[in-house]
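[1] predicted model and sequence below, questions to follow.
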Amino acid sequence: MHIPLAEPPAAAGAEHLEQQQAAITRLGHELRALVEATVRTAASADTLHRVADGVRHVTGQLTGRRRARTEIPEVDGFPGGPRMYSPVVGAGSPLAPPVRITPTDDGLIGHCTLGIAHEGPPGYGHGGMSAMLLDELMGQACTAAGTPGLTVSLQMRYHQPIPLETPLRIVGRVTGTDKRKIFAAGTITTQADPSTDLVTADAVFITPDPDRTRALFPGLEEEA
Ligand SMILES: CCCCC/C=C\C/C=C\C/C=C\C/C=C\CCCC(=O)SCCNC(=O)CCNC(=O)[C@H](O)C(C)(C)COP(=O)(O)OP(=O)(O)OC[C@H]1O[C@@H](n2cnc3c(N)ncnc32)[C@H](O)[C@@H]1OP(=O)(O)O
């Protein structure tokens, strides 16, 4: 089955989209700093109440049209394009580390650093974060290989805890396909020691058939 991947933004709107993406990225950066400060602070209850009032006031400024649940943001491309609000790679997401992804000969490699907001055991990354990082890298590797799919199975192995505030390296690659099934593998290491696997994963993705794809993603533009 031919899967059309997202095209880069049309030239006419490219400047507008770049400005939007830059602003979204800036707000995401500030929100991540707020999240970090929030989970680290030892401020008094009075200060926390005052900050909560300020944040409520700021939130009230983000009014106007809100995107519908299944709408694909104009700044995004799906599948295969930017995902500005992804909780893993989204530069605009306060939840994302965010992971920066580059292609390799064999798949994809991601770089990020987890903070205290992503903590599981004290000082170490939450196991669910590791699963999210690997799911994303393997899922994007499927898309990069021309076979985008949804995760139907994710097998995690946690060999050693992941240190926080330490540059990490996440690898995702496709290991095989069988009709609509795509098999993938991934690893997390530190950037300093890429030969010691901290977490490894195997996953199965499935490309939904065209009817299912249309039903799942009504915002996806039909392409020839
Ligand atoms: C322009 C086209 C666009 C297409 C876009 C498609 C996907 C793109 C999605 C994301 C890509 C974007 C970014 C990637 C980055 C990150 C990845 C994040 C990934 C996620 O965060 S994703 C959320 C969690 N994920 C789900 O929310 C899935 C819930 N699920 C379903 O929505 C259905 O499951 C569905 C529709 C996937 C398939 O449904 P279906 O009806 O088409 O499939 P069916 O049942 O026919 O199975 C077909 C064959 O798979 C075998 N099979 C089934 N289950 C298996 C399993 N567990 N293990 C091994 N094999 C399995 C069967 O045995 C059969 O095999 P066989 O053909 O050999 O008999």
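    In hand now; what should we look at?
[2] residue contacts, Arg173?
    106-108, 138, 141, 184-186 (C-beta atoms under 8 Å, 6 or more residues apart in numbering). (Each C-beta comes from the backbone N, C-alpha and C, glycine too.)
[3] that one should be in a strand, yeah?
    Yes. Counting by DSSP: H, G, I helix; E, B strand; the rest coil, Arg173 is found in a strand.
[4] please name the bridge partners of it.
    When bridges are called by DSSP bridges, Arg173 pairs up with Ala185.
[5] so who does the residue nearest to Ile101 when sequence neighbours are not counted touch?
    Leaving aside its chain neighbours, Ile101 sits nearest to Gly110 (4.7 Å; criterion: C-beta to C-beta, 6 or more residues apart in numbering). Taking C-beta under 8 Å, 6+ apart, we find Gly110 in contact with 89, 99-102, 133, 136-137, 169-172.
[6] now this protein against the ligand: closest residue?
    Using C-beta to the nearest ligand atom, Gly139 is the residue of the chain that sits closest to the ligand, at 2.3 Å.
[7] packing partners for the helix or strand harbouring that residue?
    Using DSSP states H and E, Gly139 maps to helix 127-144. Packing partners of helix 127-144 (3 or more C-beta pairs under 8 Å, 6 or more residues apart in numbering; DSSP states H and E): strand 100-103, strand 108-112, strand 150-158, strand 168-178, strand 181-190, strand 199-206.
[8] mind running it again at 6 Å?
    Judged by 3 or more C-beta pairs under 6 Å, 6 or more residues apart in numbering; DSSP states H and E, helix 127-144 is in contact with strand 108-112, strand 150-158, strand 168-178, strand 181-190, strand 199-206.
[9] and those as a markdown table, adding distance to the ligand?
    Supplementary listing: those in a markdown table, determined by distance: least, C-beta to the nearest ligand atom, whole Å:
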| stretch | distance to the ligand |
| --- | --- |
| strand 108-112 | 10 |
| strand 150-158 | 4 |
| strand 168-178 | 6 |
| strand 181-190 | 5 |
| strand 199-206 | 4 |
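[10] columns mean pLDDT on top of these, output as JSON lines?
    Shown next, in JSON lines, are the helices and strands packed on helix 127-144 (pLDDT from 0 to 100):
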{"stretch": "strand 108-112", "mean pLDDT": "98"}
{"stretch": "strand 150-158", "mean pLDDT": "98"}
{"stretch": "strand 168-178", "mean pLDDT": "98"}
{"stretch": "strand 181-190", "mean pLDDT": "98"}
{"stretch": "strand 199-206", "mean pLDDT": "99"}
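[11] contact residues of the protein facing the ligand?
    Selection of the chain residues close to the ligand by C-beta under 6 Å from any ligand atom yields 3-4, 79, 135-136, 139-140, 143, 148-153, 179-181, 204, 206-209, 212-213, 220.
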